[in-house]
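1. After the sequence you'll find the predicted model.
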Amino acid sequence: MRAHQKENKQSIKIVDILKEHWERFLHIRREKIPEDMRESVIEAVEKAIKCGDPKYGYAEYICTNCIGSEEKKVAFTCKSRFCNRCGKAYIEKWVEKQTKRILEIGYRHMVFTVPEESRVMFYRNRDWLKDLSDKAAEVIQYWYREKGRKRGYEVGQYIPLEGT
């Protein structure tokens, strides 16, 4: 029975979910998107919905050796980081670029989370997240300056480079 179920299993794509539910979501939950981000969120989702659909544009390739009998239409992509298809290519390029920048030294990676009770507040006040991150970095730098000196620890500093 299971093998039969697997054969009939239809793959669902994120773009299909967006096409089917985006307008309704926007109508019912528009206020859930922070006002200062609303325009760019709507634009990103709508670009992703149109991604790869030939009715929004395509390039047509025709074989010159076959007297035009062989042709192929390739739909344009949206090139958005939000789009799961285009974003994958963007992420792969970003990872490759970051891999070249990593120093061959030992390091620790730390992750800080916002308590669930405070997430709505930070969602509505996005600039607070930067302030919180800066303060967390200050605490770590202080601890390593005061306590880590005896062990020879040194804190790294994030320096943004062009194009990142």
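-> Now that the structure is in, tell me what you want to look at.
2. Regarding the residue of the chain positioned farthest from its centre, which helix or strand does it belong to?
-> Taking C-alpha atoms, centre = their mean, the residue of the chain most remote from its mean C-alpha position is residue 67, at 43.6 Å. With secondary structure defined by DSSP states H and E, residue 67 is part of neither a helix nor a strand.
3. what does residue 18 give?
-> When secondary structure is defined using DSSP H and E, the element that contains residue 18 is helix 14-29.
4. So which residues of this structure form helices?
-> Taking DSSP state H as the test, the helices found in the chain are 2-8, 14-29, 35-50, 84-101, 119-124, 126-146.
5. Turn these into CSV, columns for mean pLDDT, mean neighbour count and distance to residue 111.
-> C-beta: built from backbone N, CA, C; applies to glycine. Compiled in CSV, these are given as follows (pLDDT from 0 to 100; neighbours: other C-beta atoms under 10 Å; distance: least, C-beta to C-beta, whole Å):
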stretch, mean pLDDT, mean neighbour count, distance to residue 111
helix 2-8, 56, 7, 36
helix 14-29, 92, 12, 25
helix 35-50, 91, 15, 23
helix 84-101, 86, 12, 17
helix 119-124, 87, 12, 15
helix 126-146, 86, 12, 10
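6. for those helices, which one sits closest to residue 61?
-> Ranking the helices of the chain by their distance to residue 61 (criterion: C-beta to C-beta) puts helix 84-101 first, at 20.2 Å.
7. Which other helices and strands does the closest one contact?
-> With contacts defined as 3 or more C-beta pairs under 8 Å, 6 or more residues apart in numbering; DSSP states H and E, the secondary structure elements packing on helix 84-101 are helix 14-29.
8. okay, now the residue lying closest to residue 50 once chain neighbours are set aside: neighbour count?
-> Spatial nearest neighbour of residue 50, excluding adjacent residues (C-beta to C-beta, 6 or more residues apart in numbering): residue 56 at 4.6 Å. Counted by other C-beta atoms under 10 Å, the residues lying close to residue 56 total 13.
9. packing partners for the helix holding residue 18?
-> Using 3+ C-beta pairs under 8 Å, 6+ apart as the contact criterion, the neighbours of helix 14-29 among helices and strands are helix 35-50, helix 84-101.
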